[in-house]
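**Q** with the input below, show me the fold.
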Amino acid sequence: MKNTLMGLALAMAATVSAFGAGYPDKTVTMVVPFPPGGSTDAIARVMAQKLGEKFGQTFIIDNRAGATGTIGAAYVKRAPADGYTLFVSSLGPFVIAPHLLKTVQYDALKDFDPITVLVQAPNVLVVPNNSPDHSVADLLKDLKAHPGKLSFASSGVGSSDHLSAELLWQQTGTQGLHVPYKGGGPAITDLLGGQVNAAFVNINSIIGHIKAGKVRALAISSEKRSPLLPDVPTLQEQGVKGAEVQSWQAVAAPKGTPLAIRTELRDAMVAALNDPAVKANLLSQGFEIVGDTPEHFAKFQATEYARWKALIEARHISAD
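**A** As a prediction, this is how the structure comes out:
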């Protein structure tokens with residue numbers, strides 16, 4: 001028995017060594033399922049640079065946008081599970097899109113091996129400067145007085161900013177008018193111009209406008225106040241419970257990618273996130289460093305998957 005166990009241990013060590021030794025020895029592709037320029041793309045490019053420095057190999061970004069991120073996800077699912085194709089995405093394709101579309105060409109919980117959640121960031125509930133609403137209580141009063149009339153902009157159906165609004169309405173028994181845009185930029189433009197009544201916007205996209213006094217922040221969707229906006233109370237502080245939302249970016253690999261490679265990548269990514277210059281830059285934009293383990297990421301994804309499935313079904317939301 002002892003000799004058998006020793007043999008198994010040696011075999012496992014040899015396997016790990018074979019997979020881990022020399023990795024990577026060619027270019028690694030990091031698939032981002034969105035166009036260049038967004039938060040996910042920007043974070044992926046930071047990771048690509050730092051991983052390239054760490055491993056002495058090229059890490060490239062492949063933007064495969066479309067179908068709310070599911071095209072890129074399906075592409076990664078079909079890629080060889082050898083560590084040379086990685087999936088860098090926001091929460092959409094991981095936990096939201098499968099419930100929005102009638103068919104997707106992957107199973108979000110079964111077709112990928114989790115590596116780590118890189119960062120997370122809350123949304124901020126904002127209104128134009130000419131809005132009569134100066135608090136969540138004011139906004140809820142208006143929503144109840146004018147059901148289905150107050151417009152809430154979002155970057156698209158099923159985005160975290162859209163679902164933040166749906167959660168607010170669900171938890172408060174109110175109803176606004178969802179106005180989806182093709183991306184966050186156009187939504188913010190109309191918000192600044194007063195063409196819409198309100199919006200939940202990712203903190204990194206709106207904080208500059210808040211500090212410049214171009215929009216008014218009513219609440220933040222995290223459990224705690226943001227150190228970047230210490231005077232902006234949480235939704236919970238203002239009596240709205242169960243509406244906490246964090247947008248997040250994470251990295252996964254095709255199912256079956258060797259554990260040794262995933263562990264090596266995860267450790268390198270956590271080191272990159274905690275590089276003083278990288279960390280300071282991310283924190284200044286409102287991101288919170290996560291860098292969790294694959295096991296924690298898997299449990300977190302399952303929880304988020306169930307949460308958004310319940311909301312999307314209850315609110316009858318569809319992207320088809």
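**Q** show me how far the top helix by length along the chain is from its chain's centre.
**A** Longest among the helix segments of the chain by residue count, using DSSP state H, is helix 294-315. Relative to its parent chain, helix 294-315 has a centroid offset of 12 Å by CA atoms, centre = their mean, to the nearest Å.
**Q** strands of this structure, start to end?
**A** Along the chain, the segments classed as strands by DSSP state E run 28-32, 59-63, 85-90, 112-128, 151-154, 177-180, 198-202, 215-220, 246-254, 288-289.
**Q** hey, which of the ones you listed is tucked in deepest?
**A** Comparing the strands of the chain by mean neighbour count (mean count of other CB atoms under 10 Å), strand 198-202 comes out on top with a mean of 28. Where you see a C-beta, it was placed from the backbone N, CA and C, and this is true even at glycine.
**Q** just want the angle from that one to strand 246-254.
**A** On the basis of axes from the mean of the first three to the mean of the last three CA atoms, to 10 degrees, strand 198-202 is oriented at 40 degrees to strand 246-254.
**Q** helices or strands up against strand 198-202?
**A** Under the contact criterion of 3 or more CB pairs under 8 Å, 6 or more residues apart in numbering; DSSP states H and E, strand 198-202 touches strand 112-128, strand 151-154, helix 160-172, helix 184-192.
**Q** correct me, but Lys77 touches Lys110?
**A** No: contact between Lys77 and Lys110 fails when scored by CB atoms under 8 Å: they sit 9.6 Å apart.
**Q** the two: which is more packed in?
**A** With neighbours defined as other CB atoms under 10 Å, Lys77 and Lys110 compare such that Lys77 has more, 21 against 8.
**Q** hang on, the earlier thing: and the helices and strands packed on strand 198-202 as CSV, adding distance to Ile317?
**A** Shown next, in CSV, are the helices and strands packed on strand 198-202 (distance: least, CB to CB, whole Å):
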stretch, distance to Ile317
strand 112-128, 17
strand 151-154, 11
helix 160-172, 7
helix 184-192, 17
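**Q** nearest to Asp62, out of the ones you listed?
**A** strand 112-128 (16.1 Å; CB to CB).
**Q** just checking: what are the partner strands of the closest one?
**A** strand 198-202 (antiparallel), strand 215-220 (antiparallel), strand 246-254 (antiparallel), strand 288-289 (antiparallel) (DSSP bridges).
**Q** quick one: which of these is nearest Gly22?
**A** Nearest to Gly22 among those is strand 246-254; the distance by CB to CB comes to 17.6 Å.
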